[in-house]
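K.L.:
Sequence below, structure please.
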Amino acid sequence: MMGAGKSAVGPELARALGLPFVDADRALEAEAGASIPELFEREGEAGFRARERDLVESLAGRPLVVALGGGALARPEVAERVVATGTVVYLRAGLETLLDRLGEAEDRPLLAGLDRAGRRRRLAALLAEREPAYLRAHHVIDSDGLAPAELAREIARALRPEGE
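P.N.:
This next block holds a predicted model:
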């Protein structure tokens with residue numbers, strides 16, 4: 001989910017694993033020459049999700065650490081591809097943690113313009129809608145109260161084969 005810490009933890013995890021890191025949202029922005037809010041405005045959520053699907057397809061099966069956007073796994077075809085070709089880690093964060101991390105969320109198209117109570121309602125609805133897809137992850141790591149480096153270490157431990 002947005003605000004769970006993917007973009008902060010991903011680079012730390014990639015360093016720990018000796019792999020390249022890709023932040024899907026930044027990659028989409030670079031490819032399109034526009035910010036995520038601009039893409040949502042210009043192409044709508046459906047257009048943005050199509051771009052996201054194409055990016056996932058181009059990255060699938062490659063040795064990378066990828067921070068996917070919070071809505072990517074909510075699309076069944078994307079979830080199927082990601083779960084089949086990689087190891088998925090769900091960084092689970094509580095609603096209050098997400099709200100605090102996202103702040104005013106003006107750069108988040110699904111939350112922009114909402115007051116804190118509105119953002120809370122919208123995030124709660126998104127979590128309820130997306131959680132079944134997120135729970136398909138190979139690993140679920142709670143991110144509340146942990147710094148990115150701590151989370152990266154915990155994920156790296158979870159990814160190690162038994163006995164290492």
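K.L.:
contacting residues around the helix or strand hosting Leu126?
P.N.:
Per DSSP states H and E, Leu126 falls inside helix 116-134. Outside helix 116-134, the residues that touch it by Cβ atoms under 8 Å, 6 or more residues apart in numbering are 1, 70-71, 73-74, 76, 79, 90, 92, 95, 98-99, 102, 105, 110-111, 114, 140. Where you see a C-beta, it was placed from the backbone N, CA and C, and this is true even at glycine.
K.L.:
Filter those residues down to the buried ones, PyMOL style.
P.N.:
Buried members of these, defined by 16 or more other Cβ atoms under 10 Å, are picked up in PyMOL with:
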select buried, resi 1+70+71+73+74+79+90+92+98+99+102+105+110+111+114
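K.L.:
Which ones among the contacts of helix 116-134 lie within helices?
P.N.:
Pro76, Ala79, Leu95, Leu98, Leu99, Leu102 (DSSP state H).
K.L.:
Report the distance from stretch 55-65 to the chain centre.
P.N.:
14 Å (Cα atoms, centre = their mean, to the nearest Å).
K.L.:
Stretch 145-162 too?
P.N.:
Distance, centroid of stretch 145-162 to centroid of chain: 16 Å (Cα atoms, centre = their mean).
K.L.:
before we move on, the earlier item: Throw the ones in helices among the contacts of helix 116-134 into TSV and include distance to Ala46 and pLDDT, thanks.
P.N.:
Output for these, formatted as TSV (distance: Cβ to Cβ, whole Å; pLDDT from 0 to 100):
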residue	distance to Ala46	pLDDT
Pro76	15	90
Ala79	17	91
Leu95	27	95
Leu98	24	94
Leu99	27	94
Leu102	23	92
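K.L.:
Okay, strands next: where are they in this protein?
P.N.:
Under the criterion DSSP state E, the chain contains strands at 21-23, 65-67, 89-92, 139-142.
K.L.:
Run through the bridge partners of the residue lying closest to Leu135 once chain neighbours are set aside.
P.N.:
Excluding the flanking residues, the one nearest Leu135 by Cβ to Cβ, 6 or more residues apart in numbering is Tyr90, at 6.8 Å. Tyr90 has these beta-bridge partners by DSSP bridges: Val140.
K.L.:
Read off the pLDDT value for Tyr90.
P.N.:
pLDDT, Tyr90: 96.
K.L.:
can I assume it is in contact with Ala137?
P.N.:
Yes. If you go by Cβ atoms under 8 Å, Tyr90 and Ala137 touch, sitting 3.8 Å apart.
K.L.:
hang on, the earlier thing: and the residue nearest to Leu135, what does it touch?
P.N.:
Tyr134, Leu135, Ala137, His139, Val140, Ile141.
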